[in-house]
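# Sequence isn't available, so here's the structure alone:
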Ligand code: SF4
């Protein structure tokens, strides 16, 4: 098993990022925003500052249906109150630092700066039949997966509900405006596969799921089945999510079917083992009726053996048929890392083994690989450039 480079800021070459659930405190809270609140709380917030509560409905429609926070666009509101209403509940929470286009303009990756200078990324991708946004739920990540750029940064903080929703609003607006090649589109899918482990930020992520799926004027009215929450395997929270009544697709970042290897690849496996994780994933399927995605980054000579594909198939099949779908992902390597993608014939054999065992398997399209598509790479790269500029 090769060792990777030490994490950024490490004081010794053999240092490893550490698994951490603790969210660093003492960062200023993001300003209050309409998307943090349900409709009743929005009405109360307006009434508290002497504004008519019923305006919360109109303000919510501007935000969730027309994707705007600009007072000037809200011509159905009295001119004297527009600025005040927008100022109270629609502060600017995320500002664009950089936007990179790839895949002939069908992919746009954004680096955003939050109110306290923290930076996160989102990626908007247009496919033939859908337009998908990959959102960040945390700045950095405390899960310390050694092959992941974000994992090397450690956790800076959780994003607020509105900071997550603002990524979605910007993407919906960009799609509607026709920023992606191919003309105007409707944002149809959201995946929590950007920076962070969504389950560690459970409360804000679930509130964000409600804002995404609630119909107007409460929320965007997206279908729960077109939203995917990805986790490395926080078992109690997978079980809790199953009971929320929001049947989103669960994606489990498995990457190894055996504890020996998964302990190394996914440090959280030291708390919840493969067996427990697959049991929870299967129970999620039973509770929601949503087929679970099993994500499996293929890493050369590490987890790409045919016997591991067979073991994975056996583990899935012994819990039932048709409840899970495996997505092998050609690894998108961290710059300078020795973790690299599998040879094509090895990848083919891995996929064939799963299919022959009756497991539905689709190799995932690695969009944005020409713009540092792995989560955290753009943030790490811009930070590096800024550091080298300040050192010159
Ligand atoms: S792979 Fe996901 S959970 Fe692991 S460190 Fe990266 S962002 Fe965190």
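Noted; the coordinates are in hand. Treat the numbers as computed from the prediction; the structure is a model and nothing was measured. Numbering: from 1, shown residues only.

# so what are the domain limits for this structure?
Domain assignment for the chain, taken from automatic domain parsing, gives 34-89, 94-391.

# end-to-end on stretch 291-311?
From its first residue to its last, stretch 291-311 covers 20 Å (C-alpha to C-alpha, to the nearest Å).

# same thing with stretch 71-87?
Taking C-alpha to C-alpha, the first and last residues of stretch 71-87 lie 8 Å apart.

# got the buried residues for it?
With burial defined by 16 or more other C-beta atoms under 10 Å, the residues of stretch 71-87 counted as buried are 71, 74, 77, 81, 82, 84, 85, 86. Heads up, the C-betas are built off the backbone N, CA and C, glycines and all.

# and the stretch 101-250 of the chain, which residues reach the ligand?
By the criterion of C-beta under 6 Å from any ligand atom, the positions of the stretch 101-250 of the chain lying close to the ligand are 141, 143, 144, 145, 148, 150, 151, 195, 196, 197, 232.

# Are any of these buried, and if so which?
The buried subset of these - by 16+ other C-beta under 10 Å - is 141, 143, 144, 145, 148, 150, 151, 195, 196, 197, 232.

# Can you tell me the SS state at the second one?
Which is residue 143. Following DSSP: H, G, I helix; E, B strand; the rest coil, residue 143 is assigned to coil.

# could you list every residue that touches it?
Residue 143 sits next to 19, 151, 197, 200, 232, 266, 267, 268 when contact means C-beta atoms under 8 Å, 6 or more residues apart in numbering.

# Just send these back as JSON lines, with secondary structure and pLDDT too.
As requested, those are exported to JSON lines (DSSP: H, G, I helix; E, B strand; the rest coil; pLDDT from 0 to 100):
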{"residue": "19", "secondary structure": "coil", "pLDDT": "77"}
{"residue": "151", "secondary structure": "helix", "pLDDT": "86"}
{"residue": "197", "secondary structure": "coil", "pLDDT": "95"}
{"residue": "200", "secondary structure": "helix", "pLDDT": "96"}
{"residue": "232", "secondary structure": "coil", "pLDDT": "95"}
{"residue": "266", "secondary structure": "coil", "pLDDT": "93"}
{"residue": "267", "secondary structure": "helix", "pLDDT": "94"}
{"residue": "268", "secondary structure": "helix", "pLDDT": "95"}
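
# Looking at the residues you listed, spot the one nearest residue 30.
Nearest to residue 30 out of the contacts of residue 143 is residue 200 (C-beta to C-beta; 17.2 Å).

# What is the neighbour count of that closest one?
Residue 200: 23 surrounding residues under other C-beta atoms under 10 Å.

# For the nearest residue to it once chain neighbours are set aside, give its distance to the ligand.
Leaving aside its sequence neighbours, residue 200 sits nearest to residue 21 (C-beta to C-beta, 6 or more residues apart in numbering; 6.1 Å). According to C-beta to the nearest ligand atom, to the nearest Å, residue 21 stands 12 Å off from the ligand.

# Spell out the secondary structure type for residue 21.
Recorded secondary structure, residue 21: coil (three-state DSSP).

# What is the burial count for it?
Other residues within reach of residue 21, judged by other C-beta under 10 Å, total 13.

# circling back to that earlier point, can I get the buried ones among the residues of the stretch 101-250 of the chain next to the ligand in CSV including distance to residue 322?
Supplementary listing: those in CSV, determined by distance: C-beta to C-beta, whole Å:
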residue, distance to residue 322
141, 32
143, 29
144, 34
145, 29
148, 30
150, 32
151, 32
195, 32
196, 30
197, 28
232, 24
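
# if we can go back for a sec, considering the contacts of residue 143, which is situated nearest to residue 324?
Closest approach between the contacts of residue 143 and residue 324, by C-beta to C-beta: residue 232, at 16.2 Å.

# from what I can see the closest one touches residue 251, true?
No: the criterion here is C-beta atoms under 8 Å, and residue 232 misses it with residue 251 at 10.2 Å.

# Rounded mean pLDDT for the strand or helix carrying residue 157, please.
Counting by DSSP states H and E, the element that carries residue 157 is strand 155-158. Mean pLDDT, taken over the full extent of strand 155-158, equals 94.

# partners of that strand in the sheet?
Sheet pairing for strand 155-158, assigned by DSSP bridges, gives strand 138-140 (antiparallel).

# contacting residues around residue 225?
By C-beta under 8 Å, 6+ apart, the contact list for residue 225 reads 247, 248, 249, 290.

# For these, work out which two are farthest apart.
Between all members of the contacts of residue 225, the longest pairwise span (C-beta to C-beta) is found for 247 and 249 and amounts to 8.2 Å.

# Quickly list what's touching both of the two.
For the pair residue 247 and residue 249, residues contacting each of them under the criterion C-beta under 8 Å, 6+ apart are 225, 290.

# elements contacting the helix or strand containing residue 327?
Using DSSP H and E, residue 327 falls within strand 324-330. Contacts defined by 3 or more C-beta pairs under 8 Å, 6 or more residues apart in numbering; DSSP states H and E place strand 324-330 against helix 274-288, strand 292-298, helix 306-317, helix 344-356.

# For residue 221, which of those is the nearest?
The minimum distance between residue 221 and the helices and strands packed on strand 324-330 falls on helix 274-288, with 19.3 Å, by C-beta to C-beta.

# for the stretch 51-200 of the chain, what spans make up the strands?
With DSSP state E, counting those that start in this stretch applied, the stretch 51-200 of the chain shows strands at 94-102, 107-114, 119-126, 131-134, 138-140, 155-158, 189-192, listed in chain order.

# Mean neighbour count and distance to residue 282 for these - can I get that in CSV?
Rendered in CSV, the data for the strands of the stretch 51-200 of the chain read as follows (neighbours: other C-beta atoms under 10 Å; distance: least, C-beta to C-beta, whole Å):
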stretch, mean neighbour count, distance to residue 282
strand 94-102, 16, 36
strand 107-114, 21, 33
strand 119-126, 26, 29
strand 131-134, 23, 26
strand 138-140, 26, 27
strand 155-158, 22, 28
strand 189-192, 23, 20
